[in-house]
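> Structure of the sequence below:
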Amino acid sequence: MTEKLLRPLRTRPWPERWLTRVLGAALSCAAYLLCLPWDLRNRPETPGSTVETTPVTGTGVLALAAVLLLLAVHFGLRDALAWPLLLVAAPPAVLLHMSLRTHPGPPDGFAQVWPLTWAAVTLLGAAAVLVTSAVARQFRTDLADALEEELVLAG
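Now for the predicted structure:
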């Protein structure tokens, strides 16, 4: 069973291949929605309080990063290098963009900084996914076998 779960997707039938990819994108979206609440506006702790609270926590951000990196490892082992970017990094970037777009910023002059925030977070997430999946690809046995076969044929 484990061998079937870790076999490259290009060797699987197309319905299984695409179902796996759709499931990966759905898991990526679900992880974002569970770990980072949709409403990102700060609110006062109590009425009249000057201390604001936000539903985004460090634990939620770390949990989201861990889930996304595990998905990147899985798709790095099983699929081509571009797919982890599309399946793991793109859905949270789109959801973050929609979230930042739909909620007005604070009235302190930083209301128009959200595009820069979105770009930085997206770039960081995409780079982490790309590096993680590239490292995971180094552990693919089919690539090692193909390289060994090429070396034998060349020599």
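> any weak-confidence spans in this protein?
1-6, 39-45, 49-54, 103-111, 142-155 (pLDDT under 70).
> those helices in it, which residues are they?
Counting by DSSP state H, one finds helices in the chain at the ranges 2-6, 14-35, 58-78, 82-84, 90-102, 114-137, 141-154.
> if I pick Ile136, what's in contact with it?
Heads up, residue 136 is Ala, not Ile. 72-74, 76-77 (Cβ atoms under 8 Å, 6 or more residues apart in numbering). C-betas here are computed from N, CA, C, even on glycine.
> Redo the helices of the chain as TSV? Include distance to Thr46.
Output for those, formatted as TSV (distance: least, Cβ to Cβ, whole Å):
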stretch	distance to Thr46
helix 2-6	50
helix 14-35	26
helix 58-78	23
helix 82-84	44
helix 90-102	25
helix 114-137	27
helix 141-154	58
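> What degree of burial does the closest residue to Arg12 other than its chain neighbours show, as a neighbour count?
Nearest residue to Arg12 in three dimensions, chain neighbours excluded: Thr20, at 7.5 Å (Cβ to Cβ, 6 or more residues apart in numbering). Thr20 has 18 neighbours, counted by other Cβ atoms under 10 Å.
> shouldn't Thr20 be in contact with Arg10?
No. Using Cβ atoms under 8 Å as the test, Thr20 is too far from Arg10 to be in contact (11.5 Å).
> Relative to Thr57, how far out is Gly24?
Relative to Thr57, Gly24 is positioned 25 Å away (Cβ to Cβ, to the nearest Å).
> ditto for Trp38
As judged by Cβ to Cβ, Trp38 and Thr57 stand 14 Å apart.
> what does Met98 give?
For Met98, the distance to Thr57 - Cβ to Cβ - is 21 Å.
> Equivalent analysis for Gly76, please.
Counting by Cβ to Cβ, the gap from Gly76 to Thr57 is 28 Å.
> Nothing else from me, thank you.
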